[in-house]
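Asker: Sequence unavailable; structure follows:
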């Protein structure tokens, strides 16, 4: 029996010729990641192992991005634990405020993940790097501690669902609409414990930023990982960002999938996920009249340069609605500088939007844009659970940067085509 | 190992944001986390939960964020076991790694009602509803995971095997 992309990567990292779904394996890790919320717990567990060094100082990344720049004294103490541990262990990839960005935008940009890698991260959106043809998955703090100590992690080899993409997305449709459409179709546990493998000619029509957005939200369907086949666009991206050698894995012709879907990108409409689950997907023509109070454009899902450009294209020459706070958060310092140099900040600020330094901030109700009781936000982030962005009686509607920007102008959920 | 307690029941897709809201993640102290456990879903949870109580829920329990603070807060609240139809995979791993007993058993998770008294035998993976007298058999853990559990979590397992 043939293997899927994920199965091939796992087999190679377990030193095996082949693996089967359900098999328990130990795999060698190319990168172990943590943030300011999960790393302190991991560090406490690591200390219990009684080692004075980590398995490889180059293969660990600690990125304080959630509550940074430190939002309060307790958060400052958590980041201090991360900083002191990184210094003591000599961890090369510790990113302080000023160099840091939202972790899943930062690692690919720094060339720390390449195709064929096995990556674990104590953050559920670690699945983002599947866009590069790597196996990457979220784990908890104790797994992070074990990974830092041994350079290995145990996995149950997952079954896979195949998503064969064809066609080309229409104007104003991007990776966010594709993944919200898919989650709406299969549900928040539709891919539980499984891989989501994206293949087909349609993938070539998606930019790397689109692919990062899609792989990023695989977890919102319960998946273990999401992964794209490596093509010219991936190779170009990797050459630009990394000097590491890599391996591109392709699924075997006879690889087994537990289900398969064909997605026609031409037919996907701009999509919004209603509270309080990402599976509550509705196309923009079915949203009704919903007044909003805040818009957030940023995060590991949609804080990349293309997202900034799309937001600017919509906001250019227009004004944010008087009842809306529009907060734009480029995900990394590099994206920030690029957006600034391209003149996007002039557009944002002239429209009445605020531009923030990189942080996860409002996405998880941390800081930099918390909602009051009864308030509604359109957000380019990834979760709309109860209380996710603030008060338990506030609401989050997930959408693309194009919809978010148009909604900011009109003061209600709307697509760019509704603008004059 | 056995547990016995009163059931506190929830529905499908209980996410880690409602188990422990992010606004409390600026600490990793188990007792402090427990004092806010389930707050955004059931503000009365902390005042009603008693040591040994059993949490029962539907599908995809623990979905969302990978925060280990979620199983830590449940464990520190006094809950002795979580029974669900299915668990989200990161929550499942985290629970085993920190030693919070969990059992995947759709039949029991659907049948058992709030406030029922239940008894669980972890070694056998069996569940008995003392209120109705009905018995259920949960999914046993693979041998490898049993080794982690019997070592009292992943870190102790690594210490033993390194």
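Answerer: Happy to help now that I have it. A quick note: this is a predicted structure, and the numbers were derived from the prediction, not measured.

Asker: ok, which residues in chain B are in contact with chain A?
Answerer: Proximity of chain B to chain A (CB under 8 Å from any CB of the partner chain) is limited to residues B:13, B:15, B:17-18, B:21-23, B:25-28, B:40-41, B:59-60, B:63-69, B:71-72, B:86, B:88-90, B:93-94, B:97-98, B:142, B:144, B:153-155, B:158-159, B:162. In this view, the C-beta of every residue, glycine as well, is placed from N, C-alpha and C.

Asker: Who are the contact partners of residue 74?
Answerer: I went with chain A, as the question did not name one. Contacts for residue A:74 (CB atoms under 8 Å, 6 or more residues apart in numbering or on different chains) come out as B:26-27.

Asker: wrong chain, I was asking about chain B
Answerer: Per CB under 8 Å, 6+ apart, neighbours of residue B:74: B:19, B:34, B:37, B:55, B:82, B:100.

Asker: Please report how far the residue found closest to the second one once you drop the neighbours it is linked to in the chain lies from residue B:51.
Answerer: Of all residues beyond its chain neighbours, the one nearest residue B:34 is residue B:76 (3.7 Å), with distances taken as CB to CB, 6 or more residues apart in numbering or on different chains. From residue B:76 over to residue B:51 the distance is 11 Å, taken as CB to CB, to the nearest Å.

Asker: Can you verify my assumption that residue A:22 contacts residue A:156?
Answerer: Yes - in this structure residue A:22 lies within contact range of residue A:156 using CB atoms under 8 Å: 6.4 Å.

Asker: more neighbours, those two?
Answerer: Taking neighbours as other CB atoms under 10 Å in any protein chain shown, residue A:22 and residue A:156 compare with residue A:156 leading, 19 against 11.

Asker: Pairing partners for that one in the sheet, please.
Answerer: residue A:24 (DSSP bridges).

Asker: ditto for the one 5 residues further on
Answerer: Using DSSP bridges, the beta-bridge partners of residue A:161 come out as residue A:196, residue A:259.

Asker: quick one: it and residue A:263 touch, right?
Answerer: No - the pair residue A:161 / residue A:263 is not scored as a contact, 11.6 Å apart, by CB under 8 Å.

Asker: need the helices for the stretch 201-350 of chain A, in chain order.
Answerer: A:208-216, A:232-241, A:299-302, A:305-315, A:333-341, A:344-351 (DSSP state H, counting those that start in this stretch).

Asker: highest average neighbour count across those?
Answerer: Across those, the average number of neighbours (mean count of other CB atoms under 10 Å in any protein chain shown) peaks for helix A:299-302, which reaches a mean of 30.

Asker: ok, and the closest non-adjacent residue to residue 97?
Answerer: You didn't say which chain, so I picked chain A. Distances taken as CB to CB, 6+ apart put residue A:69 closest to residue A:97, at 5.1 Å, once the chain neighbours are dropped.

Asker: The intended chain is chain B.
Answerer: residue A:142 (3.8 Å).

Asker: Equivalent analysis for residue A:102, please.
Answerer: residue A:331 is the one closest to residue A:102 (CB to CB, 6+ apart), at 4.1 Å.

Asker: check contacts around the one you found.
Answerer: Residue A:331 neighbours (CB under 8 Å, 6+ apart): A:101-102, A:105-106, A:298-300, A:303-304, A:358.

Asker: any idea how far it lies from residue A:117?
Answerer: Residue A:331 is 20 Å from residue A:117, by CB to CB.

Asker: and what of residue B:52?
Answerer: Look at residue B:52 and residue A:117: by CB to CB, they are 44 Å apart.

Asker: Looking at these two now, which is surrounded by more residues?
Answerer: Between residue B:52 and residue A:117, counted using other CB under 10 Å, the more crowded position is residue A:117 (22 against 13).

Asker: Test my guess that that one contacts residue A:30.
Answerer: Yes - here residue A:117 lies in contact with residue A:30, judged by CB under 8 Å, at a distance of 4.0 Å.

Asker: that older thread, in contact with the residue nearest to residue A:97, which residues?
Answerer: Contacts of residue A:69 by CB under 8 Å, 6+ apart are A:97, A:357, A:359.

Asker: okay, the residues you listed in CSV with pLDDT next?
Answerer: Formatted as CSV, the contacts of residue A:69 follow (pLDDT from 0 to 100):
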residue, pLDDT
A:97, 98
A:357, 98
A:359, 98
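
Asker: filter those residues to the buried ones?
Answerer: A:357, A:359 (16 or more other CB atoms under 10 Å in any protein chain shown).

Asker: Let me have the contacts of residue A:69 in CSV, adding secondary structure as columns.
Answerer: Formatted as CSV, the contacts of residue A:69 follow (DSSP: H, G, I helix; E, B strand; the rest coil):
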residue, secondary structure
A:97, coil
A:357, coil
A:359, coil
